[in-house]
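S.K.: sequence plus the predicted model coming up.
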Amino acid sequence: MNKKRKLTGAQIIILGFLAVILAGTVLLCLPFSSASGKFTGVIDALFTATSATCVTGLAVKTTAEYWSVFGQIVILLLIQIGGLGFMTFVTLIIFFFRGHVGLFDKKIFMQSAGIANLGSVFTLFRQILLGTLIFESLGALLLSFAFVPEYGAAKGIYYAIFHSVSAFCNAGFDILGAESLSAYSDDPLVVLTITALILIGGLGFIVWSNILDCKFRYKKFSLHTKIVLIATLSLVVVPAGLFLAFDSNGCLKDMNFGEKILASIFQVVSPRTAGFYSVDLGKMSDSSYILTTLLMFIGGNSGSTAGGIKTTTVVVILFSVYAEVRKSDRIIIGKRRLQPGDAKSASAILALYSIMIIVSTIIICAIESTLGLKEIFYEVVSAICTVGLSLGITAEFSVFSKLIITLLMFVGRVGSVSVALALGERKDIPPVELPTEKIMIG
């Protein structure tokens with residue numbers, strides 16, 4: 001008798017994101033979603049819905065000019081759902097209608113949020129909702145002090161809410177025009193508020209929970225939290241100094257020293273999956289181009305609104321290399337030994353992302369023969385790492401290239417490993433020990 005096959009957790013999460021994207025696509029196709037009152041093509045609507053749900057920020061249509069207020073609100077809702085995670089909203093809806101959440105739903109939420117303890121599900125769930133409300137509200141309040149005097153009360157508050165949600169969810173969508181935050185590059189209130197929202201959203205829900213549980217006492221933090229905090233600080237301070245050195249006489253040359261510091265910090269925080277910019281990216285030096293591409297590839301932290309291969313993945317790979325050089329079979333970080341499978345998982349993620357970037361770049365270069373390799377490579381990394389930064393070629397892509405970028409954004413948000421697990425069928429390993437053989441490596 002055939003057993004009824006149930007969907008795995010990874011499959012449910014992926015199908016959930018697909019459902020949200022398809023619903024967003026339908027809404028964005030409607031005439032009242034565009035400022036012109038005309039229907040939007042399915043491909044462009046799908047691209048935009050995927051970019052919003054996957055909190056990327058790449059756009060084939062200028063968000064401020066092409067979409068109506070209704071269309072912008074649809075994009076904002078997709079950003080919020082995608083940023084917090086599909087299962088967070090499903091859990092909220094189930095609890096609202098049932099008054100409780102079943103064991104299976106809790107397990108799916110655990111997988112979505114990246115937690116291992118079943119007992120901490122509701123605690124983390126409350127912290128996610130409350131933390132999001134507090135940070136996004138505070139960000140909107142601060143931004144309103146800059147936007148309300150310039151745009152008026154109603155429009156200024158709307159702009160403040162939109163950009164606060166977009167920044168916290170690391171989406172990078174803005175409704176200020178084609179130049180993103182360039183007009184506010186010398187405004188500390190706007191730049192530092194957006195920067196703080198990006199960093200807080202990119203820390204990860206698990207890190208929030210651990211910091212609160214430990215009452216902000218660093219010595220009691222978990223190894224994961226310590227790695228995330230140290231890596232985050234390092235990936236702000238060091239790259240900001242490099243960006244300032246590389247482009248002090250380049251894209252930053254028309255600014256005073258204080259503005260250069262502000263812009264440098266913002267331009268190394270934003271590439272770690274946010275997608276805002278305050279300088280002309282086309283005028284960046286080659287060194288800054290490589291630096292920002294590397295930051296996009298690294299991304300934020302596990303269990304957060306950010307994308308990329310994640311900081312913990314990079315740290316594990318670096319320490320595994322160090323262990324291999326020392327001919328040690330143990331990976332030690334902060335007087336703690338990592339589990340044997342951590343290095344394999346990190347290496348798999350690095351390999352999968354690298355392969356997808358290389359293959360996608362080759363295919364798009366073959367299709368878009370009039371576009372440069374540098375611009376295409378930047379776009380591909382931005383897409384799969386859900387960043388949203390572009391060198392201005394997104395709208396020039398053909399339909400097939402747009403579909404490739406759309407797929408990359410989706411895989412980047414749900415995770416390449418999750419996609420592989422969802423598509424593959426788990427098979428039981430036969431209890432037979434196969435003979436081993438040594439091959440040459442390196």
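M.R.: Sure thing, it's come through. Numbers count the residues shown, from 1 in each chain.

S.K.: got the phi/psi numbers for Val191?
M.R.: The phi/psi pair for Val191 (degrees, to the nearest 10) reads phi -60, psi -50.

S.K.: which pLDDT value belongs to it?
M.R.: Val191 carries a pLDDT value of 92.

S.K.: please give me every residue in contact with it.
M.R.: Leu181, Tyr184, Ser185, Leu262, Ala263, Ile265, Phe266, Ser278 (CB atoms under 8 Å, 6 or more residues apart in numbering). Where you see a C-beta, it was placed from the backbone N, CA and C, and this is true even at glycine.

S.K.: looking at those residues, which two lie furthest apart in space?
M.R.: The two members of the contacts of Val191 with the most space between them (CB to CB) are Tyr184 and Ile265, at 13.9 Å.

S.K.: ok, back up a step: in helices only, show me the contacts of Val191.
M.R.: Using DSSP state H, the members of the contacts of Val191 that fall within helices are Leu262, Ala263, Ile265, Phe266.

S.K.: surely the second one touches Met255?
M.R.: Yes - checked against CB atoms under 8 Å, the pair Ala263 and Met255 is within contact range at 6.3 Å.

S.K.: more neighbours: which of those two?
M.R.: Ala263 (25 against 18; other CB atoms under 10 Å).

S.K.: what's the distance between that one and Lys327?
M.R.: 45 Å (CB to CB, to the nearest Å).

S.K.: and the strands in this structure?
M.R.: 332-333, 336-337 (DSSP state E).

S.K.: which one of the ones you listed is the most hemmed in?
M.R.: Sort those by mean neighbour count, taking mean count of other CB atoms under 10 Å, and strand 332-333 sits at the top with a mean of 16.

S.K.: that strand: how far from the chain's middle?
M.R.: Distance, stretch centre to chain centre, for strand 332-333: 27 Å (CA atoms, centre = their mean, to the nearest Å).

S.K.: summarise which helices and strands it is packed against.
M.R.: In terms of contacts (3 or more CB pairs under 8 Å, 6 or more residues apart in numbering; DSSP states H and E), strand 332-333 is packed against helix 311-325.

S.K.: next, the buried residues of the helix it packs on.
M.R.: Thr311, Thr312, Thr313, Val314, Val315, Val316, Ile317, Phe319, Ser320, Ala323 (16 or more other CB atoms under 10 Å).

S.K.: circling back: identify the contacts common to Ala263 and Met255.
M.R.: Ser185.

S.K.: contacts only, for the nearest residue to Gly131 once chain neighbours are set aside.
M.R.: Nearest in space to Gly131, with sequence neighbours left out and distances taken as CB to CB, 6 or more residues apart in numbering, is Trp208 at 5.6 Å. By CB under 8 Å, 6+ apart, the contact set of Trp208 is Gln127, Ile128, Gly131.

S.K.: check Ser137 too.
M.R.: Ser164.

S.K.: how about the one 10 residues further on?
M.R.: Listed by CB under 8 Å, 6+ apart, the contact partners of Phe147 are Lys155, Gly156, Ile157, Tyr159, Ala160.

S.K.: how about low-confidence regions in the stretch 101-250 of the chain?
M.R.: 101-122, 124, 178 (pLDDT under 70).

S.K.: my guess is Phe266 contacts Ala196. True?
M.R.: No - the pair Phe266 / Ala196 is not scored as a contact, 10.9 Å apart, by CB under 8 Å.

S.K.: give me the more crowded residue out of these two.
M.R.: With neighbours defined as other CB under 10 Å, Phe266 and Ala196 compare such that Phe266 has more, 26 against 17.

S.K.: in helices, which of the contacts of Trp208 appear?
M.R.: Taking DSSP H as the definition of helices, these contribute Gln127, Ile128, Gly131.

S.K.: and the last one, how close does it get to Ser209?
M.R.: By that I understand Gly131. Distance from Gly131 to Ser209, by CB to CB: 9 Å.

S.K.: next one: the first one
M.R.: Using CB to CB, one gets 5 Å for the distance from Gln127 to Ser209.

S.K.: also the second one?
M.R.: Look at Ile128 and Ser209: by CB to CB, they are 9 Å apart.

S.K.: right, and Met284 touches Leu252 too?
M.R.: No - applying CB under 8 Å as the test, Met284 and Leu252 come out as separate, 9.7 Å apart.

S.K.: sorry, back to before: quick one: which of the contacts of Trp208 is most hemmed in?
M.R.: Result: Ile128 is most packed of those (other CB under 10 Å), 21 neighbours.

S.K.: how close does that residue get to Leu391?
M.R.: Look at Ile128 and Leu391: by CB to CB, they are 34 Å apart.

S.K.: likewise Glu379?
M.R.: Relative to Leu391, and taking CB to CB, Glu379 is found at 7 Å.

S.K.: so between these two, which is more surrounded?
M.R.: Higher neighbour count among Glu379 and Leu391: Glu379, with 27 against 18, using other CB under 10 Å.

S.K.: distance of the more buried one from Ile349?
M.R.: Glu379 is 21 Å from Ile349, by CB to CB.

S.K.: Lys335: neighbour count?
M.R.: As a burial measure, Lys335 scores 6 neighbours (other CB under 10 Å).

S.K.: check Met296 too.
M.R.: 25.

S.K.: residues contacting it?
M.R.: By CB under 8 Å, 6+ apart, the contact list for Met296 reads Pro271, Arg272, Thr273, Gly308, Val381, Ser382, Cys385, Val387, Leu389.

S.K.: and these, which of them are buried?
M.R.: Here, 16+ other CB under 10 Å leaves Pro271, Arg272, Thr273, Gly308, Val381, Ser382, Cys385, Val387, Leu389 buried among these.

S.K.: for stretch 54-74, what is the distance to the chain centroid?
M.R.: For stretch 54-74, the separation from the chain centroid amounts to 17 Å (computed by CA atoms, centre = their mean).
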